[in-house]
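**Student:** 3D model of this:
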Amino acid sequence: MSPPTRPSTDSAWGGGGESHEAKFTLLASAVPNVMALMQERLSEDGAFPTARISSLYYDTPDLRFVADKRNSDYLKQKVRLRWYGNPDTGVTDPDAFFEVKNKNGAIRRKFRVALRGEAPHLAALDLTSAELVSLPARLAEDGPALPVGLEPFLVVSYLRKRFVLERTQTRISLDWDIRMPRSHPRFGPVPGRPLDTAVVELKGDLRVLPPELQELSALGVRLGSFSKYGQWADRLLGATSAW
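**Tutor:** Alright, predicted model coming up:
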């Protein structure tokens, strides 16, 4: 058998700068009303149309990343392969992105490398494929340090609509229909229903809802820690979620 082909990547990893984000949760049933208010008070981000985001998360065979998330909210690492799709047509965008997110308290640093034209191919691979298994080690040669032996764990998929608060240029997104369509077969079948929670994310210096969005509180939008990956990891492993 011939070895897996090496993906076509950008010449260098990008990112690494500090970033901050605040998350607010709400019941998924409130999404239509929350969406309507956000469309009224914010500008839609013309550069990024509504998309279905899919992220394949990696972990070590003993699930070190899951354990780190459960034991500490201070130091964390996420390793994932991300791609985007059109929610109306189901067509996957050409480019995929291999990302490493390191968290130190409230400060996050994200590194990413683009895999040009590889998303449709990579998204269709079985999670046990040698090509997906070998991806972290290959890309880490020129990137952030990663644990040895990373392997595909689960895929999280959700819809995202992006907005901009013009007054501050804060980027704000609404994520809903949060699903786990696939997981590594050694963990058994995946649930068929999406989470009953949706998420509003604020990127930047804001830690509370801006005045333009204060009415979201009456719709059940609450500040809180929430991890899509953590929620689905717990459900897959049969644990009580702390996220």
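**Student:** Going by C-alpha atoms from here, please, whenever you check contacts or count neighbours.
**Tutor:** Noted.
**Student:** Could you say which helix or strand holds residue 231?
**Tutor:** Using DSSP states H and E, residue 231 falls within helix 228-237.
**Student:** what mean pLDDT does that helix have?
**Tutor:** Helix 228-237 carries an average pLDDT of 93.
**Student:** Wait, residue 26 touches residue 198, no?
**Tutor:** Yes: in terms of Cα atoms under 8 Å, residue 26 counts as a neighbour of residue 198; the distance is 5.3 Å.
**Student:** rewinding a little: which positions within the helix holding residue 231 qualify as buried?
**Tutor:** Residues 228-234, 236 are the ones in helix 228-237 that count as buried (16 or more other Cα atoms under 10 Å).
**Student:** and that helix, what does it pack onto?
**Tutor:** With contacts defined as 3 or more Cα pairs under 8 Å, 6 or more residues apart in numbering; DSSP states H and E, the packing partners of helix 228-237 are helix 64-71, strand 151-165.
**Student:** The helix or strand following the first one to helix 64-71, inter-axis angle?
**Tutor:** Spelled out, that is helix 64-71. Next along the chain after helix 64-71, taking DSSP H and E as the criterion, comes strand 75-85. Angle, strand 75-85 to helix 64-71, by axes from the mean of the first three to the mean of the last three Cα atoms, to 10 degrees: 120 degrees.
**Student:** same for strand 75-85, what does it pack against?
**Tutor:** Using 3+ Cα pairs under 8 Å, 6+ apart: strand 75-85 touches strand 51-59, helix 64-71, strand 92-104.
**Student:** Partner strands of the first one and their direction?
**Tutor:** Spelled out, it's strand 51-59. strand 75-85 (antiparallel), strand 151-165 (antiparallel) (DSSP bridges).
**Student:** do the last one as well
**Tutor:** Each strand that strand 92-104 pairs with, and the sense of that pairing, follows from DSSP bridges: strand 75-85 (antiparallel), strand 107-115 (antiparallel).
**Student:** coming back round to it: out of the helices and strands packed on strand 75-85, deepest packed?
**Tutor:** strand 51-59 (a mean of 22; mean count of other Cα atoms under 10 Å).
**Student:** ok, the closest residue to residue 34 other than its chain neighbours to residue 38 distance?
**Tutor:** Nearest non-adjacent residue to residue 34, counting by Cα to Cα, 6 or more residues apart in numbering: residue 216, 6.6 Å away. Going from residue 216 to residue 38 by Cα to Cα, to the nearest Å gives 9 Å.
**Student:** who's more crowded, the two?
**Tutor:** Neighbours were counted for residue 216 and for residue 38 using other Cα atoms under 10 Å; residue 38 has more, 23 against 19.
**Student:** which ones are touching the residue nearest the centre of the chain?
**Tutor:** Ranked by distance to the mean C-alpha position of the chain (Cα atoms, centre = their mean), the top residue is residue 55 at 5.6 Å. Contacts for residue 55 (Cα atoms under 8 Å, 6 or more residues apart in numbering) come out as 80-83, 155-157.
**Student:** picking up where we left off before, list just the nearest of the buried residues of helix 228-237 to residue 189.
**Tutor:** Comparing the buried residues of helix 228-237 against residue 189 with Cα to Cα places residue 236 closest, at 8.2 Å.
**Student:** Look up how far residue 101 lies from the closest one.
**Tutor:** 22 Å.
**Student:** And for residue 127?
**Tutor:** Counting by Cα to Cα, the gap from residue 127 to residue 101 is 21 Å.
**Student:** ok so, going back, report pLDDT for the residue nearest to the centre of the chain.
**Tutor:** Looking at residue 55, its pLDDT is 99.
**Student:** shift numbering so it begins at 26
**Tutor:** Taking 26 as the first residue, the last one we looked at is residue 80.
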